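>>> My questions are about this predicted structure, shown below with the sequence.
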Amino acid sequence: MRFRSLVWAAAGLSVACGPSQEAKGPPTKPTVSAPAVVEEPPDLSPVKRPAEVVVVGRVARPRLFAETLAKWSNLPVRIEDIIPSDARPLAKAVLWEAPAEMVVALDAFGEGKVPPPLVIGSIGLKSLDEALSAADALSMPTRKVAPGIYRVGDFEKASCAISVSLGAAPARLICGRANKDVDVLLPYATRGLPSEPTSGADLEFVLEAKPIQDRYGRDVAALRLLAGVAVRAVALDAPKFDRALSDAIYGAVDETINVFNDLDQVRIEARIDGARNVLTAASELKLKGETSWVAGTIAASKPTPLPGTLPRLPPGATLGAYNPPLPAERYAAISRILGDLTEGYLEYEKVPEATRKRARRVTESWLTKLPEGFAFTMSPTQKDAIGSRHADTTVTRISEPSARILGMYTDILALLGDAGLKKLVKQKVTMKLDDKLWPKVTKKPFKLAGFKAPATLFEVTADFKAWAALDASIEKVLKDMLPPPGSNELKRIVVIVQPDGDSTYVLTGDDPAEMTKVMAEHRKAEPGMFFAKPARNDKVLLAGFMTLNYIARTIERSGKTEGVSKALAAAPNHGETPITFSTTVGPGTARADIEVPSAVFTDASAAVMAAGPALKNALKDP
């Protein structure tokens, strides 16, 4: 700059002083000016989507999306506040009202059988000049590689470029894992994707199956050749087990191939519904073929409207769900194979026939019928020494007489005390198992008020602390179920099966008195809690809700801390706002929806700030 100033000053002085007296001499030749250099304009011709593109992601309005969620969470922050302080100059050049996008593509010329995909991210910029100035302010080197395109920065594990662009932003910052990612996908990211029609979602990710099918179709079809190897590796030379094993492995491989070929698209999206103050999210599976078991099951499923009258939902329920009947015939082959595998293995181990038959009934009975069901969960209210460590009480009403269900639980719990099964377990484990360690099972009649027929109560008690002491690996598995240090508390599981004419109630928990109390609340004649579900789906295969209180209980049971629920109880809405969900199917499609009201964000934010260390301890890795 100083040199340039001196040049201009010298030029100014020469003009101001005027010419000196002319000296006679030979005439001078006229000066010929060099032609002006015209810079080549950037290429802004539209680009079609490359055939290798597999995933496209987009946040349509980054500022609106981020700041709306922050507002709902009572966090007074702007999107710029999230940017690290040393990157703020670059953030000033970002056009936060333009879409932020990502692209994943197969590497057409990559090395190896399955080369890593090409991946880039893209954010809109206010202008090319502002972006270059911001890079200069950050002392980031820039290098022009083509008209309107500059390589920016010098990163060890990433590559970035700034380029002019079509669409809502006049320029874009494109970053990938390597120069190759950016060089291959930058034209599409700046001159193709920004001009493609959008769905209107605030956030979306779309996976297209065709590029993967075109590239790896033959490889996937060849998986069947490996099925025989897998069968031979696992077979026991036991006819019943080996036949079932062959059916299972070849069936799983065939289904993998068929689903791979049937798949068309997987879509995930989220939208901010400002009118209702709700974040809606959905995932959708689209199929183009009908060869797979999945496609056939979707076609056989019959979604129905949520019944106008459901059993009473007690106030304070933290989880509720409803499902219509599902096509059990679609699961018949799976049920048979599971039964043959179970019985065949136990036959190979020379377990008594009565035990084998009982184990087979257990594995088969789960899928024999899939009737209509209604369920809800209540948090424990006991004030005893166990307190919040008590299990939740869950009540399930199944639209089926009790015979199959009662038989299923009878067989399951009978296996826990089966002498033949005990002998097999003792043979397979390396440590010595004392019979005193074995779970204790009791079965007895039980009376629930309001029912003519008696219920059946099953109770299982186990000393998990004693089991954990046997081996470190067992302790690791049971760590979330162990009592507090210094306590000899036994793990208790209670199941009550209550016949009710053409329906059956199944109650699960750990305290019959609490379970009786919940059931009495459910049977009251007065109106109960509203059963909430997402607004989108009129016909469903599953619909229901959960609350933050249910999630907090799950966190507490795994992390052994009571601070989360206490913090949530003090939140503005006490963690009681329903988070609704539903699933449905249509021709060649399966869809799941969830709705999260703004009140959930408000409570979650308040609980996180209040719980602090308790929440951190509950979520930290072991």
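Noted; the coordinates are in hand.
>>> all helices in the stretch 251-400 of the chain, in order from the N-terminus.
For the stretch 251-400 of the chain, applying DSSP state H, counting those that start in this stretch gives helices covering 293-300, 332-348, 353-368.
>>> Quick one: closest of those helices to Asp247.
Among the helices of the stretch 251-400 of the chain, the nearest to Asp247 by C-beta to C-beta is helix 332-348 (5.2 Å). For the C-beta atoms, the positions are set from N, CA and C on the backbone; glycine is no exception.
>>> Show me what the mean pLDDT comes to for the closest one.
In this model, helix 332-348 carries a mean pLDDT of 96.
>>> for stretch 313-329, same thing?
Average pLDDT, stretch 313-329: 96.
>>> Quick check: buried residues in that stretch?
Across stretch 313-329, burial judged by 16 or more other C-beta atoms under 10 Å covers 313-314, 316-326.
>>> Which ones among those map onto strands?
319-323 (DSSP state E).
>>> got JSON lines for those residues, with distance to Ala299 too?
Putting these into JSON lines (distance: C-beta to C-beta, whole Å) gives the following:
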{"residue": "Leu319", "distance to Ala299": "30"}
{"residue": "Gly320", "distance to Ala299": "28"}
{"residue": "Ala321", "distance to Ala299": "24"}
{"residue": "Tyr322", "distance to Ala299": "22"}
{"residue": "Asn323", "distance to Ala299": "18"}
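>>> ok, of those residues, which one's closest to Arg557?
Leu319 (13.9 Å).
>>> can you tell me which residues contact the nearest residue to the closest one once chain neighbours are set aside?
Sequence neighbours aside, Thr377 is the residue nearest to Leu319 in space, at 3.9 Å (criterion: C-beta to C-beta, 6 or more residues apart in numbering). Counting by C-beta atoms under 8 Å, 6 or more residues apart in numbering, Thr377 touches 317-320, 392-395, 550.
>>> What residues are bridge-paired with Thr377?
Beta-bridge pairing of Thr377 under DSSP bridges involves Leu319, Thr394.
>>> ok, it to Ser139 distance?
Remark: distance between Thr377 and Ser139 (C-beta to C-beta, to the nearest Å) = 57 Å.
>>> May I ask you to confirm that Ser365 is in contact with Gly407?
Yes: if you go by C-beta atoms under 8 Å, Ser365 and Gly407 touch, sitting 7.1 Å apart.
>>> Give the phi and psi angles for Ile83, as a check.
When read as degrees, to the nearest 10, the backbone of Ile83 gives phi -70, psi 140.
>>> how much space between it and Gln427?
61 Å.
>>> Among Ser365 and Gly407, which residue is more densely surrounded?
Set Ser365 next to Gly407 and count neighbours by other C-beta atoms under 10 Å: Ser365 wins out with 18 against 14.
>>> can you give me the strands in the stretch 51-200 of the chain?
With strands called from DSSP state E, counting those that start in this stretch, the stretch 51-200 of the chain shows them at 53-59, 100-105, 118-125, 142-146, 149-152, 159-164, 171-176.
>>> coming back round to it: quick check on Ile83 and Gln427: which one has the bigger neighbour count.
Ile83 (15 against 8).
>>> if I look at the more buried one, how far off is Met408?
The value you get for Ile83 to Met408, if C-beta to C-beta is used, is 56 Å.
>>> List the contacts of Gly289.
So Gly289 contacts 258, 261-262, 295 (C-beta under 8 Å, 6+ apart).
>>> What about Gly192, how many residues nearby?
19.
>>> Make 541 the first number, not 1, from now on.
Sure thing, new numbering starts at 541, so read that last one as Gly732.
>>> ok, it touching Arg589?
Yes: counting by C-beta under 8 Å, Gly732 does reach Arg589; the two are 5.8 Å apart.
>>> Show me whatever sits in contact with both of those two.
By C-beta under 8 Å, 6+ apart, no residue touches both Gly732 and Arg589.
>>> and the residue nearest to Asp1040 when sequence neighbours are not counted, how far is that from Thr1094?
Distances taken as C-beta to C-beta, 6+ apart place Phe991 nearest to Asp1040, at 6.3 Å, with adjacent residues excluded. To Thr1094, Phe991 is 31 Å away according to C-beta to C-beta.
>>> ok, now Thr970?
For Thr970 relative to Thr1094 (C-beta to C-beta), the value is 33 Å.
>>> Please say which of those two ends up with more neighbours.
Thr1094 (15 against 6).
>>> mind checking the backbone torsions on the more buried one?
phi -60, psi -40.
>>> Correct me if wrong: Arg896 contacts Leu886.
Yes: contact between Arg896 and Leu886 holds when scored by C-beta under 8 Å: they sit 4.4 Å apart.
>>> where does the protein have low pLDDT?
541-578, 626, 1026, 1099-1102, 1153-1162 (pLDDT under 70).
>>> Mind doing that once more with 50?
541-563, 1161-1162 (pLDDT under 50).
>>> so how many other residues sit close to Lys1016?
Neighbour number of Lys1016 under other C-beta under 10 Å is 11.
>>> So it versus Leu1010, what's the distance?
According to C-beta to C-beta, Lys1016 and Leu1010 sit 12 Å apart.
>>> residue ranges for the helices of the stretch 591-740 of the chain, please.
602-612, 619-622, 628-631, 668-677, 719-731.
>>> and of these, who's closest to Pro657?
Nearest to Pro657, of those and by C-beta to C-beta, is helix 719-731 at 8.8 Å.
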